[in-house]
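Chemist: no sequence for this one, just the structure:
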């Protein structure tokens, strides 16, 4: 998690909204799942209700957030690779930033809010996994929770394919196009960004397809009224390890895969951008700050 944040300053400085949101969602996911694994290891006690309320909603936005960030990246790369003119006004750049923010932020926030309409109880607690969002899996739940990552990922794949085609068709003039587009892009960073986002989609899209297929085959429930869906809403359902294994393993497999998606996202981000010159400079600056703070305190103590 620390290396993920240390490798991200170049994108913060260049204002790459998609990459910034990908870093933030990956960090939130890694931190949240780590806390859950520690606190609820071998128990299902309702130890932190407020934390679970927050985390249950964040898990709904997590996969959509990563998918939205990748869509933002691929859309921006598609626009840049398709550009017919090499100059962009400052007004156009500001407008592009606001559009990127809307694409990366609005979908996960909207889906977290919509989740309440299909939230059957406060939250669930899985042994070894911690707090989980409670979703009533009728067709509304499928459309509002499980379908959005699939749609976002599919659109992102289309943008990525167009970007790759444009790169292949305009390779000779591509470097000059990237330099004029702003944002500190060059051919190497363009390839790494598009590879990163497509790799993320290769994990989130199959998860969405698997989840939807599983629900339609085994877990699709009849549509109920608002009152019936939210009856006894304040309850917290707990599932011991034995209960999870008795479910047939599908719930455990989905929970495990969901846990590892932000880890995969963070790892792949670091692999693509963690060894860049700017990232190495960030590591060195961080090391010097820590070293200076440590030896500064020691010097004051000796004085």
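Modeler: Sure, I can see it. This is a predicted model, so every value here is computed, not measured.
Chemist: Who are the contact partners of residue 138?
Modeler: Each residue near residue 138 by CB atoms under 8 Å, 6 or more residues apart in numbering is listed here: 118, 220, 221, 222, 223, 224. C-betas here are computed from N, CA, C, even on glycine.
Chemist: Correct me if wrong: the third one contacts residue 136.
Modeler: Yes - here residue 221 reaches residue 136: they are 6.4 Å apart, a contact under CB atoms under 8 Å.
Chemist: So these two - more neighbours on which side?
Modeler: Per other CB atoms under 10 Å, whichever of residue 221 and residue 136 has more neighbours is residue 136, with 18 against 13.
Chemist: sorry, back to before: buried subset of the contacts of residue 138?
Modeler: Neighbour counting with 16 or more other CB atoms under 10 Å marks residue 118 as buried within those.
Chemist: any chance of the contacts of residue 138 in JSON lines, plus distance to residue 62 and secondary structure?
Modeler: Listed next are the contacts of residue 138 as JSON lines, based on distance: CB to CB, whole Å; DSSP: H, G, I helix; E, B strand; the rest coil:
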{"residue": "118", "distance to residue 62": "17", "secondary structure": "helix"}
{"residue": "220", "distance to residue 62": "23", "secondary structure": "coil"}
{"residue": "221", "distance to residue 62": "23", "secondary structure": "coil"}
{"residue": "222", "distance to residue 62": "28", "secondary structure": "coil"}
{"residue": "223", "distance to residue 62": "26", "secondary structure": "coil"}
{"residue": "224", "distance to residue 62": "27", "secondary structure": "coil"}
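Chemist: List just the nearest of the contacts of residue 138 to residue 270.
Modeler: Comparing the contacts of residue 138 against residue 270 with CB to CB places residue 118 closest, at 35.2 Å.
Chemist: show me the contacts for the closest one.
Modeler: For residue 118, the contacting residues are 135, 136, 137, 138, 140, 141, 144, 145, 229, by CB under 8 Å, 6+ apart.
Chemist: So it versus residue 250, what's the distance?
Modeler: Distance of residue 118 to residue 250, given as CB to CB, to the nearest Å: 19 Å.
Chemist: try residue 144
Modeler: Per CB to CB, residue 144 is found 21 Å from residue 250.
Chemist: Neighbour count: the two, which is higher?
Modeler: Using other CB under 10 Å as the criterion, residue 144 and residue 250 rank with residue 144 on top: 19 against 15.
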